[in-house]
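Q: give me coordinates for this.
(chains A and B)
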Amino acid sequence: MSFDINTIIYLLEIIVGGLLVGVGVHFVPVGGAPAAMAQATGIGTGTVQLAAGSGLTGLLSAGLMMSVTDNIWPILATGAVGAMIMMDATMLTGSWIYAYAVGAPFASAKVNYDPITKFSQPPYVAPGTVGQGIPTVCYVSGTIGAAMGGIGGALIYYPLVQINGNPAMSAVFAVGIFMVDAVLASWNIQGTIEGFHDPKFKKWPKAFKSCLVATIILAVVAVLITPIGGV
Amino acid sequence: MDAFGMGLVAAMGALATVAGASEDIESDIGSQSNPNSQVQLAAQVGNPHRIYNKAIAGEPPSNALWCTTAAIMAYVLIEGYHMPLLFAVAVGASLAALFNGVMATSAYLGRNASQARFNQWIYLDIIRYTTPSIMAHVWITSFCITLISTIQVYVLTPHHPFPIPVIALIWGLTVGAIGSSVGDIHYGGEREFQWRLFGQGLNTMLSGQIVRKAEAGLRNSIDNAWFCAKFGGPCTGMGFGLTVFLDNWRTTVFDPVTHAGAAIAMGLFFVIVMNLYNFYCELSARRKYGPYPGYKGDIAA
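A: This is a model prediction of the structure:
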């Protein structure tokens, strides 16, 4: 391949995509295994797994859109929407179980009042737990995180297809870069976070820097690789 | 929009619902993912049990593995040997189930053998009649997801540019993420701790104190599947079904070439509706259950 101004633009797109994924993970309210036992607020799974699940669903949507258009904006928007649909469907059905099976009212242990609904939280936190369920602020935060993840995934995928013209290889590379950034961000929040209202959220600049370094290296490798034998 | 496309999207939604439900029940039978921490802990705090204990990996990577294995087999049979589509997908799913059976058995043996010092036994009868049940559910999950991928690539217009195994990998990750986020709560939060007070999260002090007795005799993982199939499984299916259906519905009804904006706007509409619905769930749970009677703080409920 030839190295020109377009290559620099592609590199920048991949880097911005990686950074969006890294920061977006901080918005996703994950409580890990304790949340699955209604012991902590948030979604009962791991950060990377959920971010990957939503971001890659967005990647599927973006890939479909990119097969019919080259305009970047609808591709990014549809990636974001696909990811948001997955995340919201997951959180909504999870809420059904918290509300109607476990029978626990939703409460955050990190704030006294929900910043969006202004509902009081501590009276609803069960003893021996750090909150349970998915309050509105967590839900909205998760939706924002999914949108960022979806845009990030699409922004990594878009330049790769422009470079090598191979959707399959680009998708696998996008999955790989997505995972690296999601894992880095997950270490930064130590596995659990409630959303943008959580004090841990203030640590995002650290993840930003580490994702920047990691994505620059990955982006350089990614733009240099072209498919062999026109697979 | 054409009627055939809509029918296909509906079929994909139905397949996804079945895949989600079977995925969750598979993880409940094997005590995979988050609730596995309690099953693992139980023996260590003096509660040996007869519950199947496998954690091959987190649910998303392990399901991605099963679905990709099935999809690769199906892809090879379809492209290389020109086999009928349904037959190829069924053979692929069978291969994934066999892989799963091997790993589930070794995971059960390994985990329980390592807990011998806590008086946890390896029950051969549990391996004999629970492992086929796990494999059967993996078969259903990987069959449905490979079929969804196949439909997206070969039948639904516009055809998806990714190859079948990559789509199956992504849907496998997604179904695992949903099963881990949704269905696990029913198993971990409700079924494992049925004797705690209803209407509260699990107190940390009760960790590892899982229910070990059934309606008759000792509880095993088939009992857990029976319970979780009533709500946790269907909810997971609903979550995955909604994801697959809504995401594909909007690009089928609105042509992405000419009406890309409408397809995106329709997706945003779904997102807003789901946000409002969650607010309703929160509101109704707060009204129904109320604050905890023992709360002694100074913040009004």
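
Q: what's the neighbour count on the residue in the stretch 51-200 of chain B that chain A sits nearest to?
A: Closest to chain A within the stretch 51-200 of chain B is B:Ala177: 2.9 Å, counting by CB to the nearest CB. Using the backbone N, CA and C atoms, a C-beta is placed for each residue, glycine as well. By the criterion of other CB atoms under 10 Å in any protein chain shown, B:Ala177 has 33 neighbours.

Q: check contacts around it.
A: A:Thr45, A:Gln49, A:Leu50, A:Ala52, A:Gly53, A:Ser54, A:Thr90, B:Glu59, B:Pro60 (CB atoms under 8 Å, 6 or more residues apart in numbering or on different chains).

Q: cool, A:Val25 as well?
A: Contacts for A:Val25 (CB under 8 Å, 6+ apart) come out as A:Thr47, A:Val48, A:Ala51, A:Gly145, A:Gly149, A:Asp181, A:Ala182, A:Ala185, A:Ser186, A:Ile189, A:Ala207.

Q: how close does the fifth one get to B:Tyr295?
A: To B:Tyr295, A:Gly149 is 36 Å away according to CB to CB, to the nearest Å.

Q: same check on the last one?
A: Between A:Ala207 and B:Tyr295 the distance is 35 Å, computed by CB to CB.

Q: quick one: which of the two has more around it?
A: Of the pair A:Ala207 and B:Tyr295, A:Ala207 is the one with more neighbours under other CB under 10 Å, namely 22 against 15.

Q: these two touch, right, A:Tyr15 and A:Val213?
A: That one is not Tyr; residue A:15 is Ile. No: here A:Ile15 does not reach A:Val213: they are 10.1 Å apart, not a contact under CB atoms under 8 Å.

Q: ok, those two, which is more surrounded?
A: Taking other CB under 10 Å, A:Ile15 and A:Val213 do not tie; A:Ile15 has more neighbours (21 against 10).

Q: quick check, pLDDT for the more buried one.
A: What the model reports as pLDDT for A:Ile15 is 94.

Q: re earlier: farthest pair within the contacts of B:Ala177?
A: A:Ser54 and B:Glu59 (14.7 Å; CB to CB).

Q: could you pull out the buried residues of stretch B:212-228?
A: In terms of neighbour count (16 or more other CB atoms under 10 Å in any protein chain shown), stretch B:212-228 has its buried residues at B:Arg219, B:Asn220, B:Ser221, B:Asp223, B:Asn224, B:Ala225, B:Phe227, B:Cys228.

Q: of A:Ser54 and B:Glu59, who's got more company?
A: Applying other CB under 10 Å to A:Ser54 and B:Glu59 shows that A:Ser54 carries more neighbours, namely 35 against 32.

Q: how close does that one get to B:Gln44?
A: 34 Å.

Q: same deal with B:Ala14?
A: Separation of B:Ala14 from B:Gln44 (CB to CB) stands at 42 Å.

Q: of the two, who's got more company?
A: B:Ala14 (16 against 13).

Q: got phi/psi on the more buried one?
A: Main-chain torsions, B:Ala14, degrees, to the nearest 10: phi -70, psi -40.

Q: find the nearest non-adjacent residue to it, please.
A: Distances taken as CB to CB, 6 or more residues apart in numbering or on different chains put B:Gly241 closest to B:Ala14, at 7.2 Å, once the chain neighbours are dropped.

Q: tell me the SS of the one you found?
A: Secondary structure, DSSP: H, G, I helix; E, B strand; the rest coil: B:Gly241 is helix.

Q: number of nearby residues for it?
A: 24.

Q: can you check the pLDDT for it?
A: At B:Gly241, the pLDDT recorded in the model is 94.

Q: over to A:Thr226?
A: For A:Thr226, the pLDDT comes out at 68.

Q: B:Asn36 now?
A: pLDDT recorded at B:Asn36 is 88.

Q: contacts only, for residue 180.
A: Going with chain A. By CB under 8 Å, 6+ apart, A:Val180 lies in contact with A:Gly18, A:Ala214, A:Thr215, A:Leu218.

Q: ah, no, chain B please
A: A:Ala36, A:Gly44, A:Thr45, A:Gly46, A:Gln49, A:Leu50, B:Ser27, B:Ser33, B:Asn34, B:Gly58, B:Glu59, B:Pro60.

Q: farthest-separated two in these?
A: Spanning the widest gap among the contacts of B:Ser180 are A:Leu50 and B:Ser27, at 15.2 Å by CB to CB.

Q: so which elements touch the longest helix along chain A?
A: Looking across chain A with DSSP state H, the single longest helix is helix A:136-164. When contacts are defined as 3 or more CB pairs under 8 Å, 6 or more residues apart in numbering or on different chains; DSSP states H and E, helix A:136-164 packs onto helix A:5-25, helix A:47-66, helix A:72-97, helix A:167-188, helix A:204-224, helix B:260-289.

Q: give me the angle between the third one and helix B:260-289.
A: I take that to be helix A:72-97. 20 degrees (axes from the mean of the first three to the mean of the last three CA atoms, to 10 degrees).

Q: what about helix A:72-97, near chain B?
A: Yes: part of helix A:72-97 sits near chain B under the criterion CB under 8 Å from any CB of the partner chain, namely A:74, A:77-78, A:81-82, A:84-86, A:88-97.

Q: list the helices and strands that helix packs on?
A: Helix A:72-97 sits against helix A:47-66, helix A:136-164, helix B:164-178, helix B:232-253, helix B:260-289, with contacts defined as 3+ CB pairs under 8 Å, 6+ apart.

Q: can you list contacts of the host helix or strand of B:Ala42?
A: Per DSSP states H and E, B:Ala42 falls inside helix B:36-44. With contact meaning CB under 8 Å, 6+ apart, helix B:36-44 is reached by A:33, A:37, B:31, B:48-49, B:51, B:53-55, B:111, B:115, B:118-120, B:188, B:192, B:207-210, B:212.

Q: so which of the buried residues of stretch B:212-228 sit within strands?
A: Here DSSP state E is the test, and these give no hits in strands at all.

Q: okay if I get those residues as CSV plus pLDDT?
A: As requested, those are exported to CSV (pLDDT from 0 to 100):
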residue, pLDDT
B:Arg219, 91
B:Asn220, 90
B:Ser221, 90
B:Asp223, 91
B:Asn224, 91
B:Ala225, 92
B:Phe227, 92
B:Cys228, 92
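
Q: take those residues and keep only those in helices.
A: Using DSSP H, the members of the buried residues of stretch B:212-228 that fall within helices are B:Ser221, B:Asp223, B:Asn224, B:Ala225, B:Phe227, B:Cys228.

Q: could you find the closest non-adjacent residue to the second one?
A: Put plainly, it is B:Asp223. B:Asp223's closest residue in space is B:Ala214 (CB to CB, 6+ apart), at 5.0 Å.

Q: what's the answer for the fifth one, then?
A: In this structure, B:Phe227 finds its nearest non-sequential neighbour in B:Arg191, 5.1 Å apart by CB to CB, 6+ apart.

Q: give the contact list for that neighbour.
A: Neighbouring residues of B:Arg191 by CB under 8 Å, 6+ apart: B:Asp28, B:Val211, B:Asn224, B:Phe227, B:Cys228, B:Gly232.

Q: what's the burial count for B:Met205?
A: If you count neighbours by other CB under 10 Å, B:Met205 ends up with 9.

Q: does the residue nearest to it when sequence neighbours are not counted sit in a helix, a strand or a coil?
A: The spatially closest residue to B:Met205, leaving aside those adjacent along the chain, is A:Gly128, at 5.7 Å (CB to CB, 6+ apart). When classified by three-state DSSP, A:Gly128 comes out as coil.

Q: do you know how far A:Gly128 is from A:Pro34?
A: In this view, A:Gly128 and A:Pro34 are 11 Å apart by CB to CB.

Q: so which of the two has more stuff around it?
A: Neighbour count, other CB under 10 Å: between A:Gly128 and A:Pro34, A:Pro34 has more, with 24 against 14.

Q: give me the distance between the nearest residue to A:Thr47 once chain neighbours are set aside and A:Gly150.
A: Excluding its sequence neighbours, the residue lying closest to A:Thr47 (CB to CB, 6+ apart) is A:Ser186, at 4.1 Å. Using CB to CB, one gets 18 Å for the distance from A:Ser186 to A:Gly150.
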